[in-house]
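> I would like the atomic coordinates for the input below:
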Amino acid sequence: MKFRSAPVSSSSTPPPVAPTKRFSMRVAEWLLDSPHLGENRNVKHIAGRLLKQPAREGVVAAQSRLGQLMCRECGNARDRRIGQDLLRQAARAGDHRAQQELGLIED
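The predicted structure follows:
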């Protein structure tokens with residue numbers, strides 16, 4: 001018995017991934033803003049990993065938070081430089097937190 005299925009067209013678009021981005025952003029912000037969890041180094045690492053992909057895709061809030069996290073918490077110069085680049089991108093997009101953080105860093 002043969003089953004007929006609808007032909008798969010090459011022009012079909014994949015479903016949007018925006019809800020996943022928003023979810024990972026919300027979880028990361030919750031982790032960082034939580035009074036007890038936000039102080040833990042491992043939690044900061046997890047939040048940074050959650051922010052990484054949205055920041056690469058140009059989400060300004062993710063760029064700002066990840067940039068702040070990298071500038072404040074990372075011990076090596078390479079990560080701090082990447083954090084400053086993320087803050088500059090977010091500041092150019094109009095993020096006030098990033099602009100303030102850059103002002104503190106560059107003064």
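> Number of residues surrounding residue 46?
15 (other C-beta atoms under 10 Å). Every C-beta, even on glycine, is put in place using the N, C-alpha and C of the backbone.
> I figured it was touching residue 31, is that so?
Yes - using C-beta atoms under 8 Å, residue 46 is in contact with residue 31, at 6.5 Å.
> if I look at the two, which residues touch both of them?
Residues touching both residue 46 and residue 31 by C-beta atoms under 8 Å, 6 or more residues apart in numbering: none at all.
> From residue 71, how far off is residue 79?
Remark: distance between residue 79 and residue 71 (C-beta to C-beta, to the nearest Å) = 8 Å.
> ok, now residue 41?
Counting by C-beta to C-beta, the gap from residue 41 to residue 71 is 16 Å.
> which intervals of this protein have sub-threshold pLDDT?
Residue ranges of the chain with pLDDT under 70: 1-21, 106-107.
> What ranges does it have for its helices?
All helices of the chain, identified by DSSP state H, fall at 18-33, 41-56, 60-73, 77-92, 96-106.
> looking at those, which is buried most?
helix 60-73 (a mean of 22; mean count of other C-beta atoms under 10 Å).
> packing partners for it?
helix 18-33, helix 41-56, helix 77-92, helix 96-106 (3 or more C-beta pairs under 8 Å, 6 or more residues apart in numbering; DSSP states H and E).
> How about exporting it as CSV, limited to the C-alpha atoms?
Extracted C-alpha coordinates of helix 60-73, given in CSV (Å, rounded to 0.1, in the frame of the first residue of the first chain):
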residue,chain,number,x,y,z
VAL,A,60,20.5,44.3,21.1
ALA,A,61,19.5,43.4,24.6
ALA,A,62,21.5,40.1,24.4
GLN,A,63,24.5,42.0,23.1
SER,A,64,24.3,44.5,25.9
ARG,A,65,23.9,41.9,28.7
LEU,A,66,26.6,39.6,27.3
GLY,A,67,29.0,42.5,26.8
GLN,A,68,28.5,43.6,30.4
LEU,A,69,29.0,40.1,31.6
MET,A,70,32.1,39.5,29.7
CYS,A,71,33.6,42.9,30.6
ARG,A,72,32.9,42.4,34.3
GLU,A,73,33.5,38.7,34.9
